[in-house]
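Colleague: Provided below for reference: sequence and predicted model.
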Amino acid sequence: MAKKRKGNNDANREFQARMVLSEFAEQLANEKLLATPSELLVEAMNGNVLIDESKLRVERVIQLLRGQREYLSLIIARFSEQSTSAITEAYMLTLIDISFQLNESLSRYVVIPQIQICAPSPLHYFLPADSNSRSPVERAEVGAVMGAVLLAQQDQIQHIRQCSCGKYFVAGRIDQTHCSTKCRVKAHQSSEEFKAKRRKADRERYRLHTGGKVKDTTRRKDGPKKTR
């Protein structure tokens, strides 16, 4: 009976400890003290630590991870349709080639996984194996690449996008392609469709004006009033 009570007490203490750790982790996450892999990657790509060469390598890894995901989805879709055509075989060969290029790119990064016990996910970040001898640029590059790998494992790499202004951001919607409303409006106004509509509206306005059907609205409405 004593053994049973002791076992129950140990289980209760373990349960209480896990609850405390869970609440602590939630509190840290709410206070934004723990950056997510998405935030770390975006911060690295938008920051001024990475040099152009490093950023190109990170972008290449992101591109390959996305390609791997896209072609795997295509292959799964083809098999669900019970299709084993030459197209499916071409997809598989492309996927193998992408995976080879990806592993070749990742072979330059020797890292040590670090476990953050209070993080939302157990494996939270990586450090370069020879971190002390690495420059800030190299450490930032390793962090960005490993962040991208983690996101790919979590099937979230597609949420990392680059705006037309060059800034990276985490997309909150499937159709989000710009980091802000300002960039979205600017891109829309620069599109050929918008310019064509504007030219058409200008021509119509000019036609109505020359026909005397509309008043000239170019004059200032708040001009000086006549004196009596």
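Modeller: In hand now; what should we look at? Numbering: from 1, shown residues only.

Colleague: List phi and psi for the most centrally placed residue in the chain.
Modeller: When Cα atoms, centre = their mean is applied to the chain, the residue found nearest the centroid is residue 160 (1.2 Å). Main-chain torsions, residue 160, degrees, to the nearest 10: phi -90, psi 120.

Colleague: Then residue 65?
Modeller: Here is the backbone geometry of residue 65 (degrees, to the nearest 10): phi -60, psi -40.

Colleague: ok, it - contacts?
Modeller: Residues near residue 65 by Cβ atoms under 8 Å, 6 or more residues apart in numbering: 102, 148-149, 151-152, 157. To be clear about C-beta, it is placed using only N, CA and C from the backbone, and glycine gets the same treatment.

Colleague: For residue 66, see how far away the closest residue to it other than its chain neighbours is.
Modeller: Once flanking residues are discounted, residue 65 sits nearest to residue 152: 4.3 Å by Cβ to Cβ, 6 or more residues apart in numbering. Applying Cβ to Cβ, to the nearest Å, the value for residue 152 to residue 66 is 8 Å.

Colleague: any idea how the protein splits into domains?
Modeller: 13-171, 180-214 (automatic domain parsing).

Colleague: Am I right that residue 102 is in a helix?
Modeller: Yes: assignment of residue 102 by DSSP: H, G, I helix; E, B strand; the rest coil places it within a helix.

Colleague: what about the helices in this structure?
Modeller: With helices called from DSSP state H, the chain shows them at 2-30, 37-46, 52-80, 86-106, 136-153, 181-190, 192-210.

Colleague: what's the weakest-modelled helix or strand in the protein?
Modeller: Counting by mean pLDDT, DSSP states H and E, the chain has its least confident helix or strand at helix 2-30, which shows a mean of 64.

Colleague: Which residues are in contact with the residue nearest to residue 65?
Modeller: By Cβ under 8 Å, 6+ apart, the neighbours of residue 152 are 65, 68-69.

Colleague: let's see 10 Å
Modeller: 37, 61-62, 64-66, 68-69, 102, 158, 160 (Cβ atoms under 10 Å, 6 or more residues apart in numbering).

Colleague: Now tell me which of those the prediction trusts least.
Modeller: When the contacts of residue 152 are compared on pLDDT, residue 37 comes out lowest, with 83.

Colleague: Return the residues in contact with that residue.
Modeller: Contact analysis of residue 37 by Cβ under 10 Å, 6+ apart lists 121, 123-125, 143-144, 146-154, 156-157, 160.

Colleague: how far away is it from residue 93?
Modeller: Distance from residue 37 to residue 93, by Cβ to Cβ: 30 Å.

Colleague: Next, count neighbours for the nearest residue to residue 167 once chain neighbours are set aside.
Modeller: Using Cβ to Cβ, 6+ apart and skipping the chain neighbours, the partner closest in space to residue 167 is residue 179 (5.0 Å). Counted with other Cβ atoms under 10 Å, the burial measure for residue 179 works out to 21 neighbours.

Colleague: One more: residue 62?
Modeller: Counted with other Cβ under 10 Å, residues neighbouring residue 62 total 24.
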